[in-house]
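> quick one: sequence and predicted model below, then my questions.
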Amino acid sequence: MSTLYAYVSRGVIAREAVTGPEGQRVSRFRRDDVLALARARTRPRAGAVPLIESEVTQLDASGRLAFRGVDVADCAVWGFERTACHVLGLSHATWSTARDAPVPGDATGADIVRRTVMRSAARDVRRASLDSGHCRDVAVTAVAASTAALTGLHDGTVAERLARAWMPESADDTWRDGVTRALDVALTVLVDHELTASTLAARTAAGVGADPWMVLLTGLAAMSGRAQAGASRAATAALRAWIATRTVPDAAVPGFGHKVYVGPDPRAALLLERVATVSPETADVVDAFAVQVAREHSLYLNIDAALAALVLAADLPADAGEVVFTLARIPGLMAHALEEYPHGLRLRPRALA
């Protein structure tokens with residue numbers, strides 16, 4: 001940013017000073033001017049990483065998040081399946097499957113998803129096809145088959161089947177419906193989040209012509225770490241610790257802060273609204289925790305803390321947040337792959353000698 005202001009001071013690029021939403025002075029620059037400057041000031045070389053234009057997700061630090069121009073709050077009303085179709089460019093899709101997919105007894109939920117992707121790839125006679133229709137079918141099949149493998153159920157929405165598999169049979173209908181709706185919102189808001197590490201990994205695989213199943217597996221592998229799909233586990237532990245001690249750790253608190261958002265995470269706010277309908281007590285505890293972390297660390301809670309709240313509110317399995325995250329991202333990964341396939345091998349960074 002200091003370099004950009006240096007260009008402004010030398011008259012290389014124009015700046016417009018405007019008043020922000022909270023009365024602060026903000027600088028704005030014309031996108032075309034910035035891109036033209038980048039092209040003019042960059043020495044071409046083999047392997048340079050280009051700017052990546054994407055129409056899948058729009059987000060900014062102020063808290064705006066939209067999938068192909070539709071605000072995430074509206075998508076949360078739509079539900080996961082409709083949002084996934086919207087992101088993939090489908091008018092409709094069948095998200096249930098009759099395909100048998102036995103569940104290994106010692107596998108974690110996320111491992112079951114990755115294993116199902118591999119099994120499905122081996123069965124796909126069109127596996128090598130990069131046709132857009134086939135790629136979209138792969139994404140839908142991956143979600144449907146993984147949900148069946150996770151739950152043993154073949155009918156109903158993804159959220160309905162997860163709720164039925166994870167909740168006791170004695171659960172009353174009202175509570176089950178509340179948990180189902182909360183799971184659906186969680187799946188929906190997690191469909192994509194622009195150029196994350198896993199999305200970039202999937203795009204890189206698409207750039208070398210990997211088949212759509214391997215593109216998915218690449219993205220799923222990249223998101224498997226504790227900083228992405230697995231982050232809700234640490235956030236759940238932090239929330240449990242708060243409940244037990246009512247103290248906030250001096251170090252960074254899992255589930256709080258974000259690389260993009262300087263304010264609230266819009267996904268967390270939408271999910272916590274549903275958590276409050278499942279367990280008002282849990283919602284109150286999370287609110288108190290968030291207030292204390294804000295006082296001591298000036299950080300807002302993020303989607304990982306909201307997933308942790310859902311796990312505790314509905315007494316879900318310990319890896320439920322990771323499973324939801326992993327399943328939800330499959331359509332987004334494929335949407336990015338569809339954008340990247342036409343570009344070929346362009347994501348080739350250079351090592352610094």
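Done, it's in.

> isn't residue 124 right up against residue 216?
No: using CB atoms under 8 Å, residue 124 makes no contact with residue 216, being 11.7 Å away. From N, CA and C alone the C-beta is placed, and that goes for glycine too.

> quick one, which of these two is more surrounded?
Taking other CB atoms under 10 Å, residue 124 and residue 216 do not tie; residue 216 has more neighbours (28 against 17).

> which residues touch the more buried one?
117, 138, 139, 142, 202, 330, 333, 334 (CB atoms under 8 Å, 6 or more residues apart in numbering).

> make TSV out of those and add secondary structure and neighbour count.
Below are those laid out as TSV (DSSP: H, G, I helix; E, B strand; the rest coil; neighbours: other CB atoms under 10 Å):
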residue	secondary structure	neighbour count
117	helix	21
138	helix	25
139	helix	27
142	helix	25
202	helix	31
330	helix	24
333	helix	31
334	helix	30
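
> which of those sits closest to residue 175?
The nearest member of the contacts of residue 216 to residue 175, counting by CB to CB, is residue 330 at 28.0 Å.

> isn't that closest one right up against residue 141?
No: contact criterion CB under 8 Å: residue 330 and residue 141 do not qualify, at 9.7 Å.

> residue closest to the middle of this structure?
In the chain, the residue lying closest to the centroid (CA atoms, centre = their mean) is residue 190, at 3.7 Å.

> in this structure that one contacts residue 324, no?
Yes: using CB under 8 Å, residue 190 is in contact with residue 324, at 6.7 Å.

> which element is residue 318 on?
Residue 318 is located outside every helix and strand, with elements delineated by DSSP states H and E.

> residue 285 versus that one, what's the distance?
According to CB to CB, to the nearest Å, residue 318 stands 18 Å off from residue 285.

> and the two? Which one has more around it.
When neighbours are counted by other CB under 10 Å, residue 318 and residue 285 differ, and residue 285 comes out ahead with 18 against 13.

> in terms of helices and strands, where is that one?
helix 280-297.

> show me where pLDDT drops low in this protein?
Low-confidence segments of the chain (pLDDT under 70): 1-13, 15, 17-29, 34-35, 37-51, 97-106, 352-353.

> quick one, what contacts residue 184?
By CB under 8 Å, 6+ apart, the neighbours of residue 184 are 79, 80, 157, 158, 159.

> give me the secondary structure label for it.
Following DSSP: H, G, I helix; E, B strand; the rest coil, the label given to residue 184 is helix.

> contacts for the helix or strand that comes right after the helix holding residue 285?
The C-terminal neighbour of helix 280-297 among helices and strands, as given by DSSP H and E, is helix 303-314. Counting by CB under 8 Å, 6+ apart, helix 303-314 makes contact with 166-167, 179, 182-183, 186, 189-190, 231-232, 234-236, 238-240, 254-256, 265, 267-268, 271-272, 274-275, 278-279, 282-283, 286, 289-290, 316-318, 320-321, 324-325, all of which sit outside it.

> going through the residues you listed, which ones are buried?
Buried members of these, scored by 16 or more other CB atoms under 10 Å, are 166-167, 179, 182-183, 186, 189-190, 231-232, 234-236, 238-239, 254-256, 265, 267-268, 271-272, 274-275, 278-279, 282-283, 286, 289-290, 316, 320-321, 324-325.

> excluding its backbone neighbours, what's nearest residue 203?
residue 340 (4.2 Å; CB to CB, 6 or more residues apart in numbering).

> these two touch, right, the one you found and residue 206?
Yes: with contact defined as CB under 8 Å, residue 340 counts as touching residue 206 (4.1 Å).

> those two: which is more packed in?
residue 206 (29 against 22).

> phi first, then psi, for the more buried one.
The phi and psi values for residue 206, taken as degrees, to the nearest 10, are phi -60, psi -30.

> residue contacts, it?
Neighbours of residue 206 in contact, by CB under 8 Å, 6+ apart: 215, 336, 337, 340, 341.

> and it, how far is that from residue 289?
40 Å.

> what does residue 123 give?
45 Å.

> residue 201 is in contact with residue 220, isn't it?
No: in this structure, residue 201 is not within contact of residue 220 by CB under 8 Å, at 9.2 Å.

> and residue 230, how many residues sit next to it?
20.

> what's the closest non-adjacent residue to it?
Per CB to CB, 6+ apart, closest to residue 230 is residue 322, 5.3 Å.

> and for residue 277?
Using CB to CB, 6+ apart, the nearest residue to residue 277 is residue 178, at 4.9 Å.

> tell me the contacts of that neighbour?
Neighbour list for residue 178: 274, 277, 278 [criterion: CB under 8 Å, 6+ apart].

> and what of residue 229?
110, 223, 322, 325, 326, 329.

> out of these, who's nearest residue 87?
residue 329 (10.5 Å).

> on the three-state scheme, that closest one is what?
helix.

> the chain: strands as residue ranges?
Per DSSP state E, the chain carries strands over the ranges 16-19, 25-28, 57-59, 65-67, 70-71.

> who does the shortest one touch, helix- and strand-wise?
Packing partners of strand 70-71 (3 or more CB pairs under 8 Å, 6 or more residues apart in numbering; DSSP states H and E): none among the helices and strands.

> tell me the strands beside that strand, with direction?
strand 65-67 (antiparallel) (DSSP bridges).

> contacts for the strand it pairs with next, please.
Where contact means CB under 8 Å, 6+ apart, the residues beyond strand 65-67 that reach it are 56-59, 71-72, 75, 83, 86-87, 189, 191-193, 266-267.
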